[in-house]
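Colleague: The following block contains a protein sequence and its predicted model.
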Amino acid sequence: MSTQPKRQRRGLARLFTAVGCAIVTAVAGVAMADAAHAEADRTVSSNTTGTHNGYYFSFWKDSGNASMTLRADGRYTSSWDRSTNNWVGGKGWATGTRRTVTYSGTYNPGNNNTYLALYGWTRNPLIEYYVVENFGSYNPSSGATRLGTVTTDGGTYDILRSQRVNQPSIDGIQTFYQYWSVRQQKRSSGTITTANHFDAWARAGLNLGTNHSYQVMATEGYQSQGSSDITVREGSGGGTNPTTPPPTGSNCSATLSAGEQFGDRFNLNVAVSGTSNWTVTLNLNGGQSLQNSWNAAVSGTSGTVTARPNGNGNNFGVTVMANGNWTWPTITCRAG
């Protein structure tokens, strides 16, 4: 198994301040208050958490030259060099939830071990989770147990689990699981529908804890060098740096999980959520062919295979003849 980064971070409750004013002066009053209380850029280079311009932030490193500059609203910039063993930092929220997150900016991993990810923790049980949007030379899926895929927000993610034994956590040295969604099509701007990942993990038997700690759009580096300039906000679309919206029907989510495997073929189970009127496309790999299917109307036997509902619900399965190629097909889903 490849080396996994080591880290220790602690959450901090986010503070909100309510300011009352008369309706007739509300707009002007709020504008003046925002201008008066807008926080200046702040650079952090030692382990700390807090709030900045209305967003929670977390910064942690174990050594070396890594720093993060907190900027307007949900924006931060970061840089680090090879003197750093491991660091992670970002902006977001003190409490994780099933929110929709939009982020945009630039991320420069080079040929290095580094991630750009929506990152968080839960307790009861203690779980560390990542929705990895981009990465450098090391793909976390190469060092974790693959449990399927989920298609959401215009891309397909590998679902994985790994375990950390007696390693730093938000609750000191602990043994805990890591849950991963790793995007197959790398990007540095987009929308993350967090609920679709949480639900896909649950369908794969990966249940988060009942007590959420922080949730940030993080940059992480391990024995590497790089930089990032990321802006995060809650909700889909819009923002300071608008991004291309996900394709129509992107709320349709399709998850692959393993079925029975034989000497020359394997079964896959497909679970669709977000709509009852869907079209799922499976892109078979070279040499593979479809031998059988159930609980859906499936057309095609090689290359691109299309499945639609046939009155048997949102779960169906297929049997793929491997012909020496055991790589799972990629999957996409759209409503209608």
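Modeller: Cool, the structure landed.
Colleague: Can you name the helix or strand that the residue nearest the centre of the chain falls in?
Modeller: What sits nearest the mean C-alpha location of the chain, by CA atoms, centre = their mean, is Val131, with 1.6 Å. Per DSSP states H and E, Val131 falls inside strand 127-135.
Colleague: now what about that strand, what contacts it?
Modeller: Residues from elsewhere that reach strand 127-135 (CB atoms under 8 Å, 6 or more residues apart in numbering): 103, 107, 109, 114-122, 140, 157, 164, 169, 176-183, 186-188, 190, 192, 194, 197, 201, 208-209. (Each C-beta comes from the backbone N, C-alpha and C, glycine too.)
Colleague: try stretch 221-228
Modeller: With CB under 8 Å, 6+ apart, stretch 221-228 has contacts from 3, 5, 66, 77-82, 84-88, 105-110, 112-114, 116, 136, 138, 219.
Colleague: now swap in stretch 287-303 and tell me
Modeller: 265, 270, 280, 283-284, 305-310, 312-313, 315-325, 329.
Colleague: Quickly list the domain ranges of the chain.
Modeller: Listed by automatic domain parsing, the domain ranges of the chain are 23-234, 253-335.
Colleague: mind giving me TSV with those domains and columns for mean pLDDT?
Modeller: TSV is the format used below for the domains of the chain (pLDDT from 0 to 100):
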stretch	mean pLDDT
domain 23-234	90
domain 253-335	89
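Colleague: winner for burial among those domains?
Modeller: domain 23-234 (a mean of 19; mean count of other CB atoms under 10 Å).
Colleague: Now do the helices in the stretch 101-250 of the chain.
Modeller: Using DSSP state H, counting those that start in this stretch, the helices of the stretch 101-250 of the chain run over residues 194-203.
Colleague: what separates the closest residue to the residue nearest to the centre of the chain other than its chain neighbours from Ile173, distance-wise?
Modeller: Spatially, and ignoring its direct neighbours in sequence, Val131 is nearest to Leu118 (4.2 Å; CB to CB, 6 or more residues apart in numbering). Distance, Leu118 to Ile173, by CB to CB, to the nearest Å: 25 Å.
Colleague: Identify the bridge partners of Asn211.
Modeller: Beta-bridge partners for Asn211, by DSSP bridges, are Arg123.
Colleague: Was I right to think it contacts Pro125?
Modeller: No - using CB atoms under 8 Å, Asn211 makes no contact with Pro125, being 9.5 Å away.
Colleague: got the contact list for Leu147?
Modeller: Neighbouring residues of Leu147 by CB under 8 Å, 6+ apart: 159-161, 204-206, 257-258.
Colleague: farthest pair in the residues you listed?
Modeller: Leu206 and Ala258 (13.9 Å; CB to CB).
Colleague: Okay, strands next: where are they in the stretch 101-250 of the chain?
Modeller: In the stretch 101-250 of the chain, the strands defined using DSSP state E, counting those that start in this stretch lie at 114-123, 127-135, 145-152, 155-169, 172-183, 190-193, 211-222, 226-234.
Colleague: Need these in a markdown table (columns: distance to Ser46).
Modeller: Converted to a markdown table, the strands of the stretch 101-250 of the chain look like this (distance: least, CB to CB, whole Å):
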| stretch | distance to Ser46 |
| --- | --- |
| strand 114-123 | 19 |
| strand 127-135 | 22 |
| strand 145-152 | 35 |
| strand 155-169 | 16 |
| strand 172-183 | 19 |
| strand 190-193 | 29 |
| strand 211-222 | 16 |
| strand 226-234 | 19 |
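Colleague: do you know which of these lies nearest Thr49?
Modeller: Ranking the strands of the stretch 101-250 of the chain by their distance to Thr49 (criterion: CB to CB) puts strand 211-222 first, at 7.6 Å.
Colleague: Output that closest one as CSV - backbone C-alpha positions only.
Modeller: C-alpha atoms of strand 211-222 as CSV (Å, rounded to 0.1, in the frame of the first residue of the first chain):
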residue,chain,number,x,y,z
ASN,A,211,-21.4,14.0,14.6
HIS,A,212,-19.9,16.1,11.8
SER,A,213,-16.8,18.2,12.4
TYR,A,214,-15.5,20.7,9.9
GLN,A,215,-15.8,20.6,6.0
VAL,A,216,-13.4,22.6,3.9
MET,A,217,-12.2,22.9,0.3
ALA,A,218,-8.7,21.9,1.0
THR,A,219,-5.3,21.8,-0.7
GLU,A,220,-2.9,19.1,0.7
GLY,A,221,0.7,18.3,-0.1
TYR,A,222,2.9,15.4,1.0
